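Next input, structure requested:
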Amino acid sequence: MNPEEYTKLAQIETKHWFYAGKRDIVSWWIERVHPLKRNHLLVDCGAGMGKFVQEMQARCQVYAVDNHEESLSVLKTKLGSDRVLRGTCGEIPIQAASVDTLTALDVLEHVEDDVAGVREFARVVRSQGVVVITVPALPALWSDWDVVLHHYRRYTRSSLLKIIPTDQFEVLHCAYINVAALPAVYSMRAFRGVCAKLGIKLAGRPEDYVPGPLMNGLLQNLFVKLACQTAVKFPAGVGLLAVLRRR
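Residues are numbered from 1 along each chain as shown. The predicted model follows:
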């Protein structure tokens, strides 16, 4: 990402319904399929500003992996230099079969060779260990947001499953998330696309602002509740969540 995007993320990730909700969802799924113990090792690949791995540090051993200077500086401040590793999804500087839980939260879309990234996850995760992946969904939602964040792609459920080697991973769960926000996100991004074609410049992006407390809380609650269940598989959503177990 561009350096200014890290600044924006640092300002909103603690309270914004999307980032706070995503952390709640991933934590819920980890607890459901592979509860963390103090001696477990969790690796967050593409850790960004480190809020998620900072929260997990109270529950297990952690490493944060990133290769951007802006991230590495913040991560070392939050976690300590010994808990931060310079690396990428394709080259994680960790011994094979040593990780209990690996998270890659909105990371694979930044990786040109996402297949190699998932293979690297398989290398470092021990047998019966868990990988939790989130990615942006639906190519129809592609917008200036994706361009600014240097995304290579948005996924469908089938395209995400296609890059997961079934000889190495059991897919425990793969479903669209952020379902309730889909109509608003689609409408806003379509509107921005029309404005861009007409040469109309809009001030700011909705993604960069935290809504008022009531709306923020409502959106976070809907986001989490609909993602932390297995009874209903939605046909579409703004994002995708995959939970994998290493064979």
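
What ranges does the protein have for its strands?
Applying DSSP state E to the chain gives strands spanning 41-45, 61-66, 84-86, 99-105, 125-136, 169-177, 239-246.

Let me know which of these is the nearest to G204.
Ranking the strands of the chain by proximity to G204 (Cβ to Cβ) places strand 125-136 first, at 19.9 Å. For every residue, glycine as well, the C-beta is placed using N, CA and C.

Enumerate the positions of that closest one that are buried.
Across strand 125-136, burial judged by 16 or more other Cβ atoms under 10 Å covers 125, 129-136.

got it, and stretch 159-174?
Buried, per 16+ other Cβ under 10 Å, within stretch 159-174: 160, 163-164, 168-169, 172-174.

Stretch 226-235 too?
Per 16+ other Cβ under 10 Å, stretch 226-235 contains these buried residues: 226-228.

Model confidence score at V43, please.
We have a pLDDT of 98 for V43.

tell me the contacts of it?
62-65, 92, 94, 99, 101-103, 124 (Cβ atoms under 8 Å, 6 or more residues apart in numbering).

Now flag whichever of the residues you listed is closest to L240.
T103 (14.3 Å).

hang on, that closest one packs against V26?
Yes - using Cβ atoms under 8 Å, T103 is in contact with V26, at 6.1 Å.

Can you check which residues contact both of these two?
Common neighbours of T103 and V26, counting by Cβ under 8 Å, 6+ apart, are 52, 132.

By mean pLDDT, point me to the weakest helix or strand of this structure.
Lowest mean confidence among the helices and strands of the chain (mean pLDDT, DSSP states H and E): helix 3-12, at a mean of 75.

gap between it and the chain center?
Helix 3-12 has its C-alpha centroid displaced from the chain centroid by 16 Å (Cα atoms, centre = their mean, to the nearest Å).

name the helices or strands packed onto that helix?
Judged by 3 or more Cβ pairs under 8 Å, 6 or more residues apart in numbering; DSSP states H and E, helix 3-12 is in contact with helix 69-79.

Determine the set of other helices and strands touching the helix it packs on.
Helix 69-79 packs on helix 3-12, helix 51-56, strand 61-66, strand 84-86, going by 3+ Cβ pairs under 8 Å, 6+ apart.

could you give the mean pLDDT of the shortest one?
Put plainly, it is strand 84-86. pLDDT averaged over strand 84-86 gives 98.

just the third one next, same as before
Summarised as a single mean, pLDDT over strand 61-66 is 98.

For the protein, which residue occupies the most central location?
Central residue of the chain (Cα atoms, centre = their mean): L105, 1.9 Å from the mean position.

pretty sure that one is in contact with G46, am I right?
Yes - using Cβ under 8 Å, L105 is in contact with G46, at 7.2 Å.

low-scoring stretches of the chain, by residue?
1-3, 6 (pLDDT under 70).

at 80 what do you get?
Along the chain, segments meeting pLDDT under 80 span 1-10, 203-207.

For the residue of it most remote from its centre, grab phi and psi.
Farthest-out residue of the chain from its mean C-alpha position, per Cα atoms, centre = their mean: L198, at 32.7 Å. The phi/psi pair for L198 (degrees, to the nearest 10) reads phi -90, psi 0.

That one and L241: what is the separation?
36 Å (Cβ to Cβ, to the nearest Å).
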